[in-house]
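A.B. asks: Test case, fold it:
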Amino acid sequence: MTLDQRNSSKLLWAIIGGLIVIVLVVLSYQWMSQNQSAEVTPEAQLLSQPAAPAAKAKAEPAVQLEEVPQQLVSEDILKQPVATNATLAKEEMAKLEDLQAQLDDQAALLNAQHADADELIRLKEEQIQLLEAQLKQQ
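C.D. replies: Reported below is the predicted structural model:
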């Protein structure tokens with residue numbers, strides 16, 4: 001091999017090595033930025049928790065005698081600082097609006113269940129009165 005051929009292969013390996021290093025740096029940067037965004041997302045998980053009780057409330061029967069109140073949102077959300085970045089603030093507002101919509105839907109569902117339960121009680125009372133009247137006639 002001549003000197004030029006050896007130097008060209010070394011140059012080729014140097015270029016390939018440099019490209020590999022650049023690719024690794026870019027991938028590690030993306031991985032690190034993804035981890036940082038994952039550290040911010042527990043707030044999003046906290047905000048998305050009320051979706052499960054809303055689905056659970058739909059599956060429950062209409063008549064419930066006693067229901068233990070369940071805390072949907074922790075109180076520490078009120079103490080968290082508001083984002084100073086406009087984009088983050090808009091995202092936070094969107095999350096809070098979604099949460100409020102879920103809470104409104106759940107409140108409407110519970111009110112409908114309450115109305116259904118009242119209607120069932122009224123109908124059962126009428127049925128009992130009719131049965132008592134039938135027993136008196138016999």
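A.B. asks: Now do the domain split for this protein, please.
C.D. replies: In the assignment given by automatic domain parsing, the structural domains of the chain cover 1-40, 42-137.
A.B. asks: Which one of the ones you listed has the poorest average confidence?
C.D. replies: Lowest mean pLDDT of the domains of the chain: domain 42-137, a mean of 77.
A.B. asks: ok, Glu91 - how many residues close by?
C.D. replies: Glu91: 15 surrounding residues under other C-beta atoms under 10 Å. (Glycine included, C-beta is placed from N, CA and C.)
A.B. asks: same check, this time on the one 10 residues further on
C.D. replies: Burial measure for Ala101: 10 neighbouring residues, criterion other C-beta under 10 Å.
A.B. asks: For the helix or strand containing it, name the packing helices and strands.
C.D. replies: Element membership for Ala101 (DSSP states H and E) is helix 86-137. Secondary-structure packing of helix 86-137 (3 or more C-beta pairs under 8 Å, 6 or more residues apart in numbering; DSSP states H and E): helix 42-48, helix 51-59.
A.B. asks: tell me the SS of Pro81?
C.D. replies: Of the three states, Pro81 takes coil under DSSP: H, G, I helix; E, B strand; the rest coil.
A.B. asks: Give me the distance between it and Lys90.
C.D. replies: 16 Å (C-beta to C-beta, to the nearest Å).
A.B. asks: Which of the two has more residues huddled nearby?
C.D. replies: Set Pro81 next to Lys90 and count neighbours by other C-beta under 10 Å: Lys90 wins out with 11 against 5.
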